[in-house]
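# Have a look; sequence and predicted model below, questions after that.
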Amino acid sequence: MNRVYLDFNATTPVEPEVLDAMLPYFSAEFGNAASIHTPGQNARAAVETAREQVAALIGARAQEIVFTSGGTESDNHVIFGIVAQPILAVHEQEPSKHVITTAIEHEAVLNACQALEKEGVAVTYLPVNGNGLVDIDHLRAAIRPQTVLITVMHANNELGTVQPMEEIGRIARARDIYFHTDAVQSAGKLAIDVNALQVDLLSLSGHKFYAPKGVGAVYIRSGTHLRQLLYGGHHQRGFRPGTENVAGVVGLGKAAEIARNSLAEDAQRISTLRDELEGGLLQRIPQSRANGSAAPRTPNTTNLLFPGIEGEALLIALDLKGLACSTGAACSSGAVEPSHVLTAIGLPPEEARASLRFSLGRHTTRQEIEFALQVVPAAVEQLRDLSPTYRRVAEAR
Amino acid sequence: MTTTTQFDTLPERAEIQRGLVAVAMSGGVDSSTVPALLQEQGRPVVGLTMQLWNQRRLPELQGDGPAQHRCCSLDDVYDAKAVAQHLKFPHYVVNFEKQFEERVVRPFVDQYLSGRTPIACTNCNTDVKFEPLLRMARQIGAERLATGHYARIRKNDSTGRWELLRARDETKDQSYFLWGLSQEQLSRSEFPLGELTKDEVRAVARRAKLPVAEKPESMELCFVPNGNYVQFIQAYSRESGISLQGGAGEIVTGNGELIGRHNGVHEFTIGQRKGLGFAVGKPLYVLSIDQKQNRVVVGDDNALRTTAFEIENVNWVSCEKPQAPLHGSVKIRHKHEPAPAKIEPLDSSRVRVTFDAPQRAITPGQAAVFYDGDRVLGGGWIR
């Protein structure tokens, strides 16, 4: 069956140009980038070119980019690496090291922070308001002498919410605290300049912007002290050992270059389509609401609440009709707990479970949006008819 | 060389296929054969596997690691998915952990702690499989739900009722567990295996080259690892903060004579043979469990045989609630040969059953199911 895919926040296809750029590095130029001979040098050159391309995407310098296996590894590198510097164990007499993060981070950040808590590190999970935004005053008030890291995601994966990064960066800089951002959802969608944002560390992941899965990067501002996560050879200045995934890295670089060049135009076009989808569904489905739409968002995301239905059932019904979207984050599918992000913005469990996320991509067409506008209201209607609890409310129009 | 993206064209039709049947798939051979049979009839299928119980919730029961091929183990889900991949139909896992705990697990534990012997599978059928799962099936566009139960359903055009019948293969018949189904539920359900023997089912599985064709059957309660329900009750009660009721108590004879002690009434069921025979020269069996006094009453085999008892929460299936007593065969345990009895409705939901001949170990908590030949007339819980 042909499908309409509206789940680009979960993952994206590899752009044909990106695949073309990668292919030589599987067979013709298969050298190990660490080898001294010519095949190795050719691979090395490709890796370094990619490094420059990724750096350019975020306004960094090439030597500040370290390639990793993806966003999760990058997040873990930063969180364990900063806090561990110099030693992870907390001595009895010392007050615990402290990390500030938010309640809506991706699990890669949250679970890493929870692991740190088990080791005696104190963590503050800043709440967010009904639109998913952190309160700057809260953040300021949460800072302690022992705070070593502030980590706040640039854009949220479920809602698309964009945090006030420059303000946070200013506070972190003034207090001399390392500032990290999980930019997995924003890289390639929003213009990023690490100096404008005043971040010291940043995570990004290839498969969110048309590069392959299994490759990402972490930006580490020169002069930042952090401990390495993996031990081994001397790759990437000894900081992140492991033979480089040359083809993957080349793909990442190419995708970064493409994104940088088309970002502004893409954002314009995609946000128009997103607004049409969002507006159209809100209009056609009684009592529906957009979650987090009053805050600045990535151009492609809309998270909608359809009261009276089970998101799981709607998701399956839509899939059977050929439309792919998601309830909350991809990695927590099948879980019984409602989304921690929707809970953090104040949705009660039944509303969190009745919410669906649609996220558009670079090549999403108007026809696909029209298809969704046809299919989703019909499916919600059908589910509501069968719901033992939904009661139609007469609308005032 | 360039590649095209996979989303170049829109779906042709957004409608659900007409006549779509949902199949409840556990990953076992029986429920895996159901979609094969339906496809042979040219009917479109969607598979649903229920996630019912988190095996990691009671880690002390894990033993040597995650239980293999236990209810909701990943193995079983993968098996169901492998069948769906092989036969090329869509398959989804749906989460009913909350409902399963509320309607099956918790009542199971509570019943045992009250000295009764529950049947979890019946609660699961009535309150989970044929309720939220059936609703889910309808919500995603399938009007009917097929399962791998060995039983039969037919519409009686003269009475207008949906009837539940024993399976053709009496050794596999599961109609005993289905007495709680309503007319509405029966009207939307199908049991394609009801006319087949187990051997015939395996033959279909092999013919369809199902990945699970040689998978052994699992006979125990799906959520109790290793069949050790006592251990499960203890672990679950601890985790949920339920007190084990009376705890230790007395074992007495029918005359009230104290002959031993026990560690909890939940360890016993009617008819269970205690190892006290040596002391009194003959085998003793549990006759009844007095929850209030936290006592287990034992006696000899004769005392274990009784004739009359009452049942509650009666559900009438193949016939309407009769106005007068009737005669039929009544089954009081899964492994019990239905025996002739008088069936007398008392009020809207209670019935008195009087066997023609005494039956052994009539057990509170079990179900009594009334048959007229192959037809399940109805059933209820033994008080």
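Done, it's in.
# check contacts around residue 32.
The chain I'm using is chain A. If a contact means Cβ atoms under 8 Å, 6 or more residues apart in numbering or on different chains, then A:N32 has A:P39, A:G40, A:A43, A:T243, A:E244, A:V246 as its contacts. C-beta coordinates here come from the backbone N, C-alpha and C atoms, glycine included.
# You answered for a different chain; I wanted chain B.
With contact taken as Cβ under 8 Å, 6+ apart, B:S32 is in contact with B:M25, B:D79, B:A80, B:V83, B:G148, B:A205, B:L210, B:V212.
# got TSV for the contacts of A:N32, with neighbour count too?
Output for those, formatted as TSV (neighbours: other Cβ atoms under 10 Å in any protein chain shown):
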residue	neighbour count
A:P39	15
A:G40	15
A:A43	24
A:T243	13
A:E244	21
A:V246	24
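# Of the residues you listed, which is the nearest to chain B?
Distance to chain B, by Cβ to the nearest Cβ, is smallest for A:V246 among the contacts of A:N32, at 18.9 Å.
# if I look at that closest one, how far off is A:M22?
A:V246 is 9 Å from A:M22, where distance means Cβ to Cβ, to the nearest Å.
# ditto for B:G27
Distance check for B:G27 against A:M22: by Cβ to Cβ, it reads 38 Å.
# on that earlier part again, now for the contacts of B:S32, which sits with the most neighbours around it?
Ranked by the number of neighbours (other Cβ atoms under 10 Å in any protein chain shown), the contacts of B:S32 place B:M25 first, at 31 neighbours.
# Neighbours of B:G19, how many?
14.
# ok, how many other residues are close to the residue lying closest to A:A313 once chain neighbours are set aside?
Closest residue in space to A:A313, ignoring its immediate chain neighbours: B:Q139 at 4.2 Å, by Cβ to Cβ, 6 or more residues apart in numbering or on different chains. If you count neighbours by other Cβ under 10 Å, B:Q139 ends up with 24.
# B:Q139 against A:Q382, yeah?
Yes: using Cβ atoms under 8 Å, B:Q139 makes contact with A:Q382 at a distance of 7.1 Å.
# Kindly state the domain boundaries assigned to the chain.
Just so you know, I chose chain A. Following automatic domain parsing, chain A resolves into domains at A:4-10+A:263-386, A:16-259.
# that's the wrong chain, I meant chain B
The record's domain parsing of chain B by automatic domain parsing lists B:21-148+B:191-227, B:245-299, B:307-382.
# Any chance of CSV for those, columns mean pLDDT and distance to A:N2?
Formatted as CSV, these follow (pLDDT from 0 to 100; distance: least, Cβ to Cβ, whole Å):
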stretch, mean pLDDT, distance to A:N2
domain B:21-148+B:191-227, 90, 15
domain B:245-299, 83, 56
domain B:307-382, 94, 45
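# Using TSV, lay out the domains of chain A together with mean pLDDT.
Output for the domains of chain A, formatted as TSV (pLDDT from 0 to 100):
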stretch	mean pLDDT
domain A:4-10+A:263-386	93
domain A:16-259	94
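# out of those, which comes closest to B:L178?
domain A:4-10+A:263-386 (22.9 Å; Cβ to Cβ).
# What's the end-to-end length of the closest one?
By Cα to Cα, to the nearest Å, the extent of domain A:4-10+A:263-386 from end to end equals 25 Å.
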